[in-house]
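Q: Please work out how this folds:
(2 chains)
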Amino acid sequence: MLKIENLSYNIFEDEKDREILNDISLNFEKGKIYVITGPNGSGKSTLVKIVMGIKKQTSGKIFFNGKDISNLSINERANLGISYAFQQPVTFKGLKVRDLLDIASHKKNDFNTLCDYLAQVGLCAKEYINRPLDDKLSGGELKRIELALTLARKTPLNIFDEPEAGIDLWSFDNLTNIFKNLKNTTNIIVSHQTKILEIADYVILLKNGKVVKIGSYSEVKPFIENATCGKLRSQNGQD
Amino acid sequence: MDKIDKDLLEKITDLHKIELGAFNIRKNGQAIDKKSTKEIEIVPKKDKSGIDVFVKPNVKNKALHIPVIITMGGLNDLVYNDFYVGENSSITIVAGCGIHNSTSENSVHNGIHSFHLEKNSQVKYIERHIGVGNGSGGKILNPVTKIYQKENSSLHIETLQIGGVTSSIRKTFARLGENAKLEVQENILTTDEEKAETEFKVVLKGKKSSVEVVSHSVARNNSFQKFKSNLVGENDCFGHVECDGILLDNARIVSVPMIDAKDNNSSLVHEAAIGKIAGDELVKLMSLGLSQEEAENTIIKGFLMG
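A: Presented below is the predicted three-dimensional model:
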């Protein structure tokens, strides 16, 4: 359902071109969970940002359900059915949690529906829907609301950039259950966490902007340890 | 009252949402209708244009509406409204001025208000200003507000000016007694060649008095806004001013902060941030399916009305 062909991304830094992604080709099947992992600076977040249209590839093409989306804007991709949960949730002055959930779901939601969206991420709607989505919320609360916004869109392709970051007061089991329960959708998760890698149908290991290995977690695990010098994060977030 | 009058009144007062209690409606420089209640007495001034409003002590949760509408050009309206709120009373005052000017002459409204809050009284003051009508004449508003708060009183002011006002100079002066609390939320949108200036001076005279001023400005096209604040701490007190501005097109916003801690137990803070709409906010809303224009409008609406 998502196909990436010969994708490269270069930046101009210190008066020379630096290669962030180098000729990446990947094929994502419908209904599978993909976890992209790799050492810091391997190009994981850049790759998913390019899929969403937040960054523009230097060369290469992206196809979504057979349609070339390489030059479409962020909102055009969103409206075709791609969602993106940010690593660092964005805050707003004045917009409430309820406003964002209404925008995400393209409708004015009643209390019970808002309650359903927030209950999935372990939050009580009564306490949150009328609160501004601003920096008075904790990092963990913002992260969970970010997840709820993505889930409220009910899109066929969901991208989660390091969803585990900052959810310390909430258990990893709840988070992994969310991904397991997303039936018939394709999910691409950028993560270092073993618990998340374990639920992947496919793990994609990136290093220095290239795909090193694709396969089940057990197949890719030895390559991860090699690529990260054994620095894989355990479930409690420690290196 | 014709349709223009009713539209203006609805926009500035939300009369349809709140049960009408005491009120005074002023149109084109004349009081056209008023009603006192047993708790709130409205008395026309004898020596000049305007009203004295007396809220008796121990009145709870009552509303007063004092809208002003101007539907003609060439009018320079000057009105003095003084509010005396009795001890232990709590009241909501909905004010504002709507100008519909289809002429080539300026319509001007200068509203001079004073608030005298007795001990333990609580006042919520909502003020909306709008200008409509496609005449070339200016829609000009110059409100002046003087506030005197006694012990344990609290005043919450919400000011909304949502476009169409050619020029406004808004001046507010407040003197706060012991444990008195003042909160001001000011939201202003300017477009085209409009100018809006705001000036606050708050003297924190009483022990444990506090003031919180939050100003949200959105300036579009070639418009100009200036926000000037001056907090003076004369006791063990707390003051916080936050000025946030969003700039679009060729607009300009100026923030002039002044905090003067005359007493070494004063704690005074001024924060100001002016800039374009944050790129990550646009990207987030676009990733939820909004176009760039829809995302901008959503951010501005939330910023001003949220």
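
Q: Low-confidence ranges, the chain, go.
A: Going with chain A. Within chain A, the segments meeting pLDDT under 70 span A:168-170, A:228-239.

Q: right idea, wrong chain: chain B
A: For chain B, the stretches with pLDDT under 70 are B:1, B:14-20.

Q: Using the three-state scheme, assign the one residue in the stretch 51-200 of chain B that gets nearest to chain A.
A: Proximity of the stretch 51-200 of chain B to chain A (C-beta to the nearest C-beta) peaks at B:N187, 9.0 Å away. (C-beta placed from N, C-alpha, C; glycine too.) Assigned by DSSP: H, G, I helix; E, B strand; the rest coil, the conformation of B:N187 is strand.

Q: which strand residues sit across from it in the sheet?
A: On the basis of DSSP bridges, B:N187 is bridged to B:L160, B:H216.

Q: wait, it sits on B:T159?
A: Yes. With contact defined as C-beta atoms under 8 Å, B:N187 and B:T159 form a contacting pair (7.0 Å).

Q: Let me see the contact set for the residue of the stretch 51-200 of chain B closest to chain A.
A: Residues counted as contacts of B:N187 (C-beta atoms under 8 Å, 6 or more residues apart in numbering or on different chains) are B:158-162, B:215-217, B:303-305.

Q: rerun that using 10 Å as the cut-off
A: Residues in contact with B:N187 (C-beta atoms under 10 Å, 6 or more residues apart in numbering or on different chains) are A:94, B:128, B:158-162, B:214-218, B:303-306.

Q: got it, and A:G139?
A: Shown in contact with A:G139 (C-beta under 10 Å, 6+ apart): A:88-89, A:165-168.

Q: and what of B:F303?
A: So B:F303 contacts A:92-95, B:187, B:189, B:216-218, B:244-246, B:277, B:281 (C-beta under 10 Å, 6+ apart).

Q: Quick check: which element contains it?
A: Per DSSP states H and E: B:F303 is located in helix B:292-305.

Q: starting at the chain centroid, how far to that helix?
A: Relative to the chain's own centre, helix B:292-305 is displaced by 21 Å; criterion: C-alpha atoms, centre = their mean, to the nearest Å.

Q: So which of the contacts of B:F303 belong to helices?
A: B:E281 (DSSP state H).

Q: number of nearby residues for the closest residue to chain A within the stretch 201-306 of chain B?
A: In the stretch 201-306 of chain B, the residue that lies nearest chain A is B:G306 (2.7 Å; C-beta to the nearest C-beta). Look at B:G306: counted by other C-beta atoms under 10 Å in any protein chain shown, it has 17 neighbours.

Q: Is A:A104 located within a strand, as I assumed?
A: No. According to three-state DSSP, A:A104 belongs to no strand; its state is helix.

Q: Surely it is in contact with B:S287?
A: Yes. Here A:A104 reaches B:S287: they are 9.4 Å apart, a contact under C-beta atoms under 10 Å.

Q: These two: who's more crowded?
A: B:S287 (27 against 24).

Q: B:K208 versus that one, what's the distance?
A: Applying C-beta to C-beta, to the nearest Å, the value for B:S287 to B:K208 is 46 Å.

Q: So which other helices or strands are in contact with the helix or strand harbouring A:L175?
A: For A:L175, the host element (DSSP H and E) is helix A:172-181. In terms of contacts (3 or more C-beta pairs under 10 Å, 6 or more residues apart in numbering or on different chains; DSSP states H and E), helix A:172-181 is packed against strand A:33-37, helix A:139-153, strand A:157-161, strand A:186-190, helix A:194-198.

Q: Can you pull the residues of chain B lying near chain A?
A: For chain B, the residues in contact with chain A (C-beta under 10 Å from any C-beta of the partner chain) are B:187, B:214, B:216, B:242, B:244, B:246, B:273, B:278-292, B:294-295, B:298-306.

Q: if we can go back for a sec, and the helix holding A:L175, what's buried?
A: By 16 or more other C-beta atoms under 10 Å in any protein chain shown, the buried positions in helix A:172-181 come out as A:172, A:175-176, A:178-179.

Q: What lies in contact with it?
A: With C-beta under 10 Å, 6+ apart, helix A:172-181 has contacts from A:33, A:35, A:120-122, A:143-144, A:147-148, A:150-151, A:158, A:160, A:163-164, A:167, A:171, A:185, A:187, A:189, A:191, A:193-196, A:198-200, A:235-237.

Q: from chain A, which residue is nearest to chain B?
A: A:G94 (2.7 Å).

Q: Now do that residue against B:E296, distance only.
A: Plainly put, A:G94 is 13 Å away from B:E296 if you go by C-beta to C-beta.

Q: again with B:V85
A: For B:V85, the distance to B:E296 - C-beta to C-beta - is 41 Å.

Q: Please apply the same query to A:D201.
A: Separation of A:D201 from B:E296 (C-beta to C-beta): 39 Å.

Q: Settle it for me: which of the two has more neighbours?
A: Neighbour comparison, A:D201 and B:E296: the larger count goes to B:E296, with 18 against 14 (by other C-beta under 10 Å).

Q: Can you give me every residue that contacts that one?
A: Applying C-beta under 10 Å, 6+ apart, we find B:E296 in contact with B:246, B:248, B:276-277, B:281-282, B:285, B:290.

Q: now do A:I4
A: Applying C-beta under 10 Å, 6+ apart to A:I4 gives the contacts A:21, A:24-28, A:47, A:50-51, A:57, A:60-63, A:70, A:211.

Q: Which pair in these has the greatest spatial separation?
A: Largest separation among the contacts of A:I4 by C-beta to C-beta: A:S70 and A:V211, giving 18.8 Å.

Q: The two - which one has more neighbours?
A: Between A:S70 and A:V211, A:V211 has the larger neighbour count (other C-beta under 10 Å), namely 21 against 18.

Q: so which strand or helix has the more buried one?
A: A:V211 belongs to strand A:210-215 when assigned by DSSP H and E.

Q: If you count neighbours, what's buried in the helix or strand following that strand?
A: For strand A:210-215, the following helix or strand on the C-terminal side (DSSP H and E) is helix A:217-227. Within helix A:217-227, the residues that count as buried by 16+ other C-beta under 10 Å are A:217, A:220-221, A:223-224, A:227.

Q: Going through the contacts of A:I4, which ones are buried?
A: Buried subset of those (neighbour count, 16+ other C-beta under 10 Å): A:21, A:24, A:26, A:28, A:47, A:50-51, A:57, A:60, A:62, A:70, A:211.

Q: is the residue most central in space within chain A in a bridge, and if so with what?
A: Compute the mean C-alpha point of chain A, and by C-alpha atoms, centre = their mean the closest residue is A:F160, 1.5 Å away. Note on A:F160: beta-bridge partners A:A85, A:I189, judged by DSSP bridges.
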